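J.: From the sequence below, what's the structure:
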Amino acid sequence: MSTPYSAGDELPISLVMHTVYCPRRAWIESNGEKTDTSQMQEGQSAHKRVDDPKTSRGTQQRAVTISSTRLGLTGRCDAVEPQEDGSTRIIEYKATPVRRNASVTPAHRVQLALQKICLEEAGETVSECAVHFTNHNKTVPVDISDEDIRTAEEYVHTTRALIDNPTAPQPLEDSPRCSWCSHISVCLPDESRGKENITRVVASNPDSQVAHLTTQGSRATVQQGRLIVQHLGETISSVPLERVHSLVVHGNIDVSSALLRELMWRNCTIIWCSSTGRVYGWSQPGTGPNGLARVQQHVLSAQGYLPIASAMIASKIANQATLLRRNGHAADVCRTMRDIQKNTPQATSIPELLGLEGEAASLYFGNFATMLKEDALTELGWIWTGRQGRGANDPINILLNYAYGMLSSECIRGILTCGLDPHAGFLHSSSRNKPALALDLMEEFRAVIADSVVVSLINRKQVKAAHFTTVGGSYRLTPEGRKTIIAAFEKRMVTEITHPTYGYSVTWRRAIEVQARMLLGVINGTTREYTGVTVR
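T.: Numbers count the residues shown, from 1 in each chain. Now for the predicted structure:
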């Protein structure tokens, strides 16, 4: 897990090193943001042996813990080698792609200088420093001068001032370092500058997925680094934990405490739902990023911030009109909805904004049936009777409610990933004791994700009447029915789109997190305004 730092804590030498590379990168890490990118994995692989003190030998001590009381530093040397004259040699292990030069950077020099300060404060005499590049199998000597020592100490003071500042530094301007940075997916440099972005793709890890537990009465445990699901003594699923970035539990399913601890250690969010898809709650690590931003979020939520709410409703209405235009037969209704959308920026209060939303929703769901193919409905024996929320007793609304429940899970996960509070919203009231911000974020994605999934399932005849049972006249999804809608929803979530604001390719799942990070930027002052996701 990643732990936020405050100015009074001992500074990790690695954090000072990140300040040299990019002050914004250091600020983000000091606020607890963690990533699991290829760069991070390469670095961990390069340190795999030297991070274990047990691999030390007579001529080399590994993973040596060091500190400086004078500067308030703490850290670790990858390797320390005693020399024949009684002095010490420091070696740092680094991973650098083979196509790049094995060259020592200013950040490396600062790191070695601070390590030298710590060791000499402990009574050692450091005579040599070097960087070993694992990909090139090349060791490069580094001469640390008095000027390097002074520069390193200045960066310590700079880092302390940096992490004490509640506002993130601006991103680097058109720097090639951004493309190599492990934190680009949470920094969003082009988005934060609010300018024409460099063409690039920030995609989610294709090997990392949301795991859905749906078999009632089953139990999920962890064994040898794998998520194991068993039912009636039989193993029905086994997945490597590396492929799980979030867990959604549907209904009456046991999850072992060992699995909960392991997932939270990996910064994975666990969402708990009913068997009908309604979110009951969630579990998350005790430490999270952007603690100060959460305080600012609650202040902004209490004061009210109409521009965010207005942008979300405008995007929601636009996406409803687009889906209706693509799949339905109500051109006049679509034009009316576009007119309502254009009026949302002029709304002067939340009640007025909700009135416009309700007017558009009435038109949208009043013509929802035009998006469903008649032959598919006839084969199923279903009739659209209008929109119903909780307590719905017709198959179409049950499917919609289940899809909305899964969308709610995705929005909660995206918000928690950014360190924000799902309860402090700007459109929905927090007084209802519901995850208001998650409900806010859902609005612009309801039509393009949840409604689209249900319409496609029906029109493509992928959902069957047999996927429902009737008990006392009430419809319920069968286990196979739940698996069908979950599979369709997951397929939609990994579909790639071009982000309308930033112009790069993202999956729908990644788009939700990008929007959550845009909210974070508005809250902490690094982004000028919130712009919702709309499709054409």
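J.: where does this structure dip in pLDDT?
T.: Along the chain, segments meeting pLDDT under 70 span 1-8, 34-58, 97-100, 174, 176-177, 179-180, 184-185, 188-208.
J.: Neighbours of the nearest residue to Pro106 once chain neighbours are set aside, how many?
T.: Leaving aside its chain neighbours, Pro106 sits nearest to Val20 (5.5 Å; criterion: CB to CB, 6 or more residues apart in numbering). For the C-beta atoms, the positions are set from N, CA and C on the backbone; glycine is no exception. Neighbours of Val20 under the rule other CB atoms under 10 Å: 21.
J.: and what of Ser301?
T.: By other CB under 10 Å, the residues close to Ser301 number 21.
J.: same check, this time on Ala130
T.: Using other CB under 10 Å, Ala130 has 16 other residues around it.
J.: part of a helix, is the residue nearest to Pro106?
T.: Yes: with DSSP: H, G, I helix; E, B strand; the rest coil as the criterion, Val20 is located in a helix.
J.: quick one, what contacts it?
T.: Residues near Val20 by CB atoms under 8 Å, 6 or more residues apart in numbering: Thr105, Pro106, Ala107, Val110, Tyr155.
J.: export stretch 481-490 as PDB, just CAs?
T.: C-alpha atoms of stretch 481-490 as PDB (Å, rounded to 0.1, in the frame of the first residue of the first chain):
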ATOM      1  CA  GLY A 481     -29.200 -14.600 -16.300                       C
ATOM      2  CA  ARG A 482     -26.900 -12.700 -13.900                       C
ATOM      3  CA  LYS A 483     -23.900 -14.200 -15.700                       C
ATOM      4  CA  THR A 484     -25.300 -13.100 -19.100                       C
ATOM      5  CA  ILE A 485     -25.800  -9.500 -18.100                       C
ATOM      6  CA  ILE A 486     -22.400  -9.300 -16.200                       C
ATOM      7  CA  ALA A 487     -20.600 -10.700 -19.300                       C
ATOM      8  CA  ALA A 488     -22.300  -8.200 -21.500                       C
ATOM      9  CA  PHE A 489     -21.500  -5.400 -19.100                       C
ATOM     10  CA  GLU A 490     -17.800  -6.400 -18.800                       C
END
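J.: if we look at that stretch, which residues are touching it?
T.: With contacts defined as CB under 8 Å, 6+ apart, stretch 481-490 is touched by 209-210, 212, 214, 250, 275, 399, 402-403, 406-407, 449-450, 453-454, 456-457, 462-463, 467-468, 477.
J.: Recalculate using a threshold of 6 Å.
T.: His212, Thr214, Tyr402, Met406, Val453, Leu457, Val463, His467 (CB atoms under 6 Å, 6 or more residues apart in numbering).
J.: Mind putting the residues you listed into a markdown table with distance to Ile117, secondary structure and neighbour count?
T.: As requested, the contacts of stretch 481-490 are exported to a markdown table (distance: CB to CB, whole Å; DSSP: H, G, I helix; E, B strand; the rest coil; neighbours: other CB atoms under 10 Å):
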| residue | distance to Ile117 | secondary structure | neighbour count |
| --- | --- | --- | --- |
| His212 | 51 | strand | 20 |
| Thr214 | 56 | coil | 19 |
| Tyr402 | 59 | helix | 26 |
| Met406 | 53 | helix | 26 |
| Val453 | 58 | helix | 25 |
| Leu457 | 63 | helix | 22 |
| Val463 | 66 | coil | 24 |
| His467 | 67 | helix | 22 |
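J.: before we move on, the earlier item: mark which of the contacts of Val20 are buried, thanks.
T.: Among the contacts of Val20, those buried by neighbour count (16 or more other CB atoms under 10 Å) are Ala107, Val110, Tyr155.
J.: Next, the last one: phi, psi?
T.: Spelled out, it's Tyr155. Torsion angles at Tyr155 (phi, psi; degrees, to the nearest 10) stand at phi -70, psi -30.
J.: Settle this for me: it is touching Val110, isn't it.
T.: Yes: if you go by CB atoms under 6 Å, Tyr155 and Val110 touch, sitting 5.5 Å apart.
J.: Assign a three-state SS to Ser315, would you?
T.: helix.
J.: burial count for it?
T.: Applying other CB under 10 Å, we find 25 residues neighbouring Ser315.
J.: For the residue nearest to Ile117 when sequence neighbours are not counted, give me the backbone phi and psi.
T.: Distances taken as CB to CB, 6+ apart put Ser68 closest to Ile117, at 5.6 Å, once the chain neighbours are dropped. Backbone dihedrals for Ser68, given as degrees, to the nearest 10, come out at phi -140, psi 120.
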